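[1] Task: produce atomic coordinates for the following.
(one chain, ligands or ions: 1)
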Amino acid sequence: MTTQTPTTEATQTAPLLMKVRGMSMSYGEGAQENKIIENLDLDVEFGQFISIVGPSGVGKTTLLRCLSGLLRPKAGTIEVSGTQISGPHPDLAVVFQDYSRSLMPWMTTRENVAFPLQGKGMGKTERNNLADENLAAVGLAGQGDKFPWEMSGGMQQRVAIARALAYNAKVLLMDEPFASVDAQTRFDLEDLVLDLQHKLGVTILLVTHDIDEALYLADKVVVIAEKPATVVDEIITDFGDTRDQLATKADPRFAEARARILVRLRKD
Ligand SMILES: Nc1ncnc2c1ncn2[C@@H]1O[C@H](COP(=O)(O)OP(=O)(O)OP(=O)(O)O)[C@@H](O)[C@H]1O
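    Numbering: from 1, shown residues only. Okay, the predicted model is just below:
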């Protein structure tokens with residue numbers, strides 16, 4: 001753990017993997033239009049872990065869906081590696097909260113992980129080997145023949161993460177991925193994701209309701225609020241590369257950052 005100032009205003013110097021400028025999104029048209037996000041800017045550096053927090057219903061999932069290319073914003077630009085995206089992008093993979101619906105129950109875990117690789121023109125053996133490698137990376141070595149419904153919720157979410165990793169996505173977009181598991185499993189999954197981020201250099205954008213989780217994991221916490229939603233605060237954390245569920249959260253700087261986020265959320 002370093003002893004630098006815990007949180008500083010975001011200053012941009014490193015090259016950007018994703019660059020969002022003036023993004024607006026609404027549902028419905030004309031008199032029925034419901035503006036959800038307005039004029040949102042976001043910078044994502046290579047290898048960065050960004051947590052996105054905000055009040056319930058503010059538009060976090062909508063934002064993540066726009067960033068992933070699953071929804072088209074009404075205005076603004078989203079660039080990945082300097083190119084504007086206009087739909088789902090091979091560098092981006094989404095991990096949803098509801099693993100039970102994102103995994104196909106009639107396929108084994110190996111088949112679930114290997115399935116999207118068909119689109120990459122790989123042969124079956126190569127696909128299966130890559131699936132097994134990535135299942136091992138998430139702590140599920142030797143579990144490839146099991147079906148999702150034979151596994152716990154935490155294990156199923158590991159399979160969903162392995163699938164995103166096997167696809168070789170540069171950016172994982174995670175929407176409340178740990179919300180449906182018990183507290184200890186949640187901590188284990190948080191540490192797994194941190195470990196994978198460090199080992200593989202993958203960039204992660206995580207939407208969460210849990211401020212402690214947001215801070216524990218992130219290099220930068222982005223707070224969105226207001227209606228329509230926009231970025232109201234960005235907090236660069238400095239808890240070091242090696243984090244610990246007890247020690248990091250007991251750090252006075254953690255409490256200071258938590259209070260700052262709570263104040264930002266209470267204003268709205
Ligand atoms: N497909 C849709 N059509 C119309 N309105 C929608 C649609 N999806 C979301 N909304 C509305 O957009 C707003 C933002 O929803 P969104 O799910 O993005 O918020 P959120 O911050 O992720 O919510 P939560 O914290 O409860 O998960 C809500 O008012 C929601 O009702």
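
[2] Surely residue 19 and residue 43 touch.
    Yes - applying CB atoms under 8 Å, one finds residue 19 in contact with residue 43, separated by 6.1 Å. C-betas here are computed from N, CA, C, even on glycine.

[3] Can you work out which residues contact both of these two?
    Common neighbours of residue 19 and residue 43, counting by CB atoms under 8 Å, 6 or more residues apart in numbering, are absent.

[4] Which helix or strand contains the closest residue to the ligand within the stretch 101-250 of the chain?
    Distance from the ligand to each residue of the stretch 101-250 of the chain (CB to the nearest ligand atom) is smallest for residue 209, at 6.0 Å. Remark: residue 209 resides in no helix or strand, with elements defined by DSSP states H and E.

[5] List phi and psi for it.
    phi -90, psi -10 (degrees, to the nearest 10).

[6] cool, and residue 53?
    In terms of degrees, to the nearest 10, the main-chain angles of residue 53 are phi -120, psi 160.

[7] Next one: it from the ligand, what distance?
    Separation of residue 53 from the ligand (CB to the nearest ligand atom, to the nearest Å) stands at 9 Å.

[8] quick one: that residue and residue 223 touch, right?
    Yes - taking CB under 8 Å as the definition, residue 53 is a contact partner of residue 223 at 5.6 Å.

[9] Please identify every residue contacting each of those two.
    Overlap of the contact sets of residue 53 and residue 223 (by CB under 8 Å, 6+ apart) consists of 261, 265.

[10] which element is residue 125 on?
    Here residue 125 sits within helix 124-137, counting by DSSP H and E.

[11] how far is that helix from where the chain is centred?
    Taking CA atoms, centre = their mean, to the nearest Å, one finds the center of helix 124-137 at 23 Å from the center of the full chain.
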